[in-house]
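1. structure here, sequence nowhere to be found:
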């Protein structure tokens, strides 16, 4: 009876480890295909602005722009961070607006979360704006033909290999 229990435990552990590995690989592919780290920094900047501008809700609702600026600007930063992660097509807009929101929070919301939120928003927005998709790696050996030999360059193919690139045209 104990042999069966031990085998079942090994099977469950193997399935769990395989599932965790699959989740980790999926998350790695997801993270590499989006401006993930820039969005993390921008979201943390928004959270810092919200945290350092905490006020009672009655004051935020009735106080006007001065009381609600931290919530509005910080919430917008978090929103643009999420948009950048889940819709990377809009990364340029999200990055620039994230930087501008961080600068606006410096003026309107307790020095942008005592400068922490503003700096995180500027770094994160810049990382989002500058992000580009990774290109696939090429082989260092170059393309090969069916026999395994290196393929000729286009100039050699067009001219028979005797001419220089200037003479090819």
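-> Right, received. Where do you want to start? All values reported here derive from a predicted model rather than from experimental measurement.
2. would you confirm that residue 52 contacts residue 116?
-> Yes: counting by CB atoms under 8 Å, residue 52 does reach residue 116; the two are 7.5 Å apart. Heads up, the C-betas are built off the backbone N, CA and C, glycines and all.
3. what helix or strand does residue 54 sit in?
-> Assessed by DSSP states H and E, residue 54 sits outside every helix and strand.
4. show me what contacts residue 65?
-> By CB atoms under 8 Å, 6 or more residues apart in numbering, the residues touching residue 65 are residue 108.
5. now do it against residue 112, distance only.
-> 16 Å (CB to CB, to the nearest Å).
6. so where's the protein uncertain?
-> Along the chain, the model assigns pLDDT under 70 to residues 1-10, 12-13, 55-64, 136-137, 139-169.
7. just so I have it, where are all the helices in it?
-> Assigned by DSSP state H, the helices in the chain fall at 2-32, 36-52, 57-63, 65-86, 91-108, 110-114, 116-130, 154-159.
8. now these in JSON lines, with distance to residue 138?
-> Formatted as JSON lines, these follow (distance: least, CB to CB, whole Å):
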{"stretch": "helix 2-32", "distance to residue 138": "18"}
{"stretch": "helix 36-52", "distance to residue 138": "25"}
{"stretch": "helix 57-63", "distance to residue 138": "55"}
{"stretch": "helix 65-86", "distance to residue 138": "28"}
{"stretch": "helix 91-108", "distance to residue 138": "25"}
{"stretch": "helix 110-114", "distance to residue 138": "43"}
{"stretch": "helix 116-130", "distance to residue 138": "23"}
{"stretch": "helix 154-159", "distance to residue 138": "16"}
